[in-house]
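S.K.: sequence and computational prediction follow.
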Amino acid sequence: MPTPVILDVDTGVDDALALLFAVAHPEIEVLGVTCVAGNAGLDDVVANTLRILDLAGAADVPVAAGAARPLIAPARAAAHVHGEDGLGGIALPPATRGAADESAVAMMRRLIMQHPEPVTLVALAPQTNLALLLRTHPEVAARIERIVFMGGSASVGNATAVAEFNVWHDPEAAAIVLDAGVPTTMYGLDVFERVSVPLERAKALTAGAHRAGRAVGELLGNRVAMSEDESLQYTGLIGDAGAVCAIVAPELVSFESLPVRVELSGYSRGQTVVDRRAYTGEDSLHGLDEVWSRSEVALGIDADAVADLFLKTVLTLPE
Ligand code: RIB
Ligand code: CA
C-alpha cells in the first residue's frame with residue numbers, strides 16, 4: 001500500500017525535486033501539498049509548486065497556501081540560493097490552475113481527518129504551517145502516522161554556524177512540532193548535504209529528450225551564490241528530495257533515536273541540539289536538562305544509492 005502523504009513545501013529548487021520524486025514514486029500517494037514562506041515569498045512558493053505539479057502531470061493534487069511568515073521572526077527569503085523566483089529562474093509555463101480556496105491548515109486537517117489510514121506529513125520547509133495545525137487542531141495528532149522533516153543538524157548549520165535554514169527560519173514552530181507527541185524523523189544536514197548528482201549527469205539530463213528530466217537537470221544545475229569560487233557554486237544536491245527517498249527506502253539511511261531540542265535565543269537560535277551522549281551529564285545531575293523531544297535522527301546515508309533512486313524514479317514521469 002502506498003504511503004499517504006501531505007507535503008509542506010517552500011518551493012524552492014530542491015522542494016521541486018522532492019515534489020517530482022513524490023509524484024513519480026509508486027509507494028507514495030500525495031494527498032495534497034501545502035505552501036509556506038521560506039526559500040521565497042508565499043506567492044512565489046504557491047506559483048512554483050503549481051508549475052512543478054503541472055510538469056509532473058499532477059494538476060489534480062490540491063495545493064493550499066499557508067503562512068506568509070514565521071510565528072515570531074520576519075520572513076527571510078533565500079534568493080542567494082534559490083534565485084529571485086525561488087526556482088533558480090528555470091523556464092516553466094505558467095500554472096494551469098490556482099491554489100485551493102482553503103488555507104493550508106484547513107486542507108491538512110481535512111485530508112488527515114478524512115483519510116481512512118494515518119497520514120504522514122513531510123515537512124520540507126519552515127514548520128509554521130504544521131505548528132499552526134497542531135496548535136489549532138490538536139485532535140489531528142492521533143491521525144498522523146509520522147512527521148518526516150527536512151531540518152536541523154546534529155553538527156554544523158547552513159543558515160548560521162549552528163542552525164539549519166528551515167528550523168532557523170521558524171524555531172518556535174520546529175519546537176512545537178517536536179514536542180507535539182507525534183513520532184518524528186529528522187532528515188537534517190548530516191545527510192542532506194551528502195546526496196548529490198555529478199555535474200555531467202545533470203548536464204546529460206538537461207540535454208535529454210525527457211521533459212521532466214530536462215527540468216531536473218536544470219534544477220540540479222542551479223548555482224548557489226554562497227561562494228565567489230565557481231567550483232563551489234555547483235552542488236548537484238537533491239536536497240529535500242532525499243527526505244522523501246528516505247520514506248520509500250529507509251534501508252538506505254541509518255537513524256538513531258535521540259533527544260533533540262531547539263534553541264530559541266542567542267546566536268544559536270534555530271540550532272537543533274542533538275544529545276548523542278551515552279551517559280548522564282551534569283545537566284541532568286543539576287536539573288538543567290529542561291525540555292527534550294526524541295526523534296529518529298538520520299546520521300548516515302548511502303548517498304550514491306539514494307541519488308540513483310531519485311534519478312531513476314523522476315525519469316518515470318510522463319515524457
Ligand atoms: O536547509 C535546507 C532547507 O532549506 C531545504 O528545505 C531548502 O529547500 C530550504 O528550505
Ligand atoms: Ca525546502
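M.R.: Looks like it arrived, so ask away. Residues are numbered from 1 along each chain as shown. Ligands and ions are numbered 1, 2, ... in the order given.

S.K.: check contacts around the closest residue to ligand 1 within the stretch 201-319 of the chain.
M.R.: Of the stretch 201-319 of the chain, the residue with the smallest distance to ligand 1, taken as CB to the nearest ligand atom, is residue 240 at 4.6 Å. Quick note: C-beta positions are derived from backbone N, CA and C, even for glycine. Neighbouring residues of residue 240 by CB atoms under 8 Å, 6 or more residues apart in numbering: 9, 12, 14, 15, 17, 18, 124, 150, 192.

S.K.: which helices and strands does the longest helix anywhere in the chain pack with?
M.R.: Longest helix in the chain by number of residues (criterion: DSSP state H): helix 42-55. For helix 42-55, the packing partners by 3 or more CB pairs under 8 Å, 6 or more residues apart in numbering; DSSP states H and E come out as helix 13-24, strand 28-35, strand 63-65, helix 211-220.

S.K.: now the helices for the stretch 51-200 of the chain?
M.R.: 79-82, 104-114, 128-136, 165-169, 171-178, 189-192, 199-206 (DSSP state H, counting those that start in this stretch).

S.K.: backbone dihedrals for the closest residue to ligand 2 within the stretch 201-319 of the chain, please?
M.R.: Closest approach between the stretch 201-319 of the chain and ligand 2, counting by CB to the ion: residue 240, at 4.8 Å. Main-chain dihedrals, residue 240, degrees, to the nearest 10: phi -60, psi -30.

S.K.: go on, residue 234?
M.R.: Phi and psi for residue 234, reported as degrees, to the nearest 10, are phi -90, psi 120.

S.K.: let me see the contact set for the residue nearest to it when sequence neighbours are not counted.
M.R.: Nearest residue to residue 234, sequence neighbours excluded (CB to CB, 6 or more residues apart in numbering): residue 199, at 5.5 Å. Contacts of residue 199 were listed using CB under 8 Å, 6+ apart, and they are 221, 234, 236.

S.K.: compare those residues and tell me which is most surrounded.
M.R.: residue 221 (19 neighbours; other CB atoms under 10 Å).

S.K.: pull up the gap between it and residue 202, please.
M.R.: From residue 221 across to residue 202, the span is 5 Å (CB to CB, to the nearest Å).

S.K.: so what sits against both of those two?
M.R.: Joint contacts of residue 221 and residue 202 (CB under 8 Å, 6+ apart) are residue 236.

S.K.: check which helices and strands the helix or strand bottoming out on mean pLDDT in the chain sits against.
M.R.: In the chain, the helix or strand scored least confidently by mean pLDDT, DSSP states H and E is helix 230-233, which has a mean of 73. In terms of contacts (3+ CB pairs under 8 Å, 6+ apart), helix 230-233 is not packed against any helix or strand.

S.K.: just the CA trace of the helix or strand following it, in PDB.
M.R.: For helix 230-233, the following helix or strand on the C-terminal side (DSSP states H and E) is helix 241-248. The C-alpha trace of helix 241-248 is given here as PDB (Å, rounded to 0.1, in the frame of the first residue of the first chain):
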ATOM      1  CA  ALA A 241      14.100  15.000  -2.300                       C
ATOM      2  CA  GLY A 242      16.300  12.900   0.000                       C
ATOM      3  CA  ALA A 243      13.800  13.100   2.800                       C
ATOM      4  CA  VAL A 244      11.100  11.600   0.600                       C
ATOM      5  CA  CYS A 245      13.600   9.000  -0.700                       C
ATOM      6  CA  ALA A 246      14.100   8.000   3.000                       C
ATOM      7  CA  ILE A 247      10.400   7.200   3.300                       C
ATOM      8  CA  VAL A 248      10.400   4.700   0.400                       C
END
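
S.K.: ligand 2 contacts on this structure?
M.R.: Contact residues (CB under 5 Å from the ion) of the chain with ligand 2: 10, 12, 15, 124, 125, 240.

S.K.: from residue 230, how far off is the second one?
M.R.: Applying CB to CB, the value for residue 12 to residue 230 is 23 Å.

S.K.: so these two - more neighbours on which side?
M.R.: Between residue 12 and residue 230, counting by other CB under 10 Å, residue 12 is the more crowded of the two (30 against 8).
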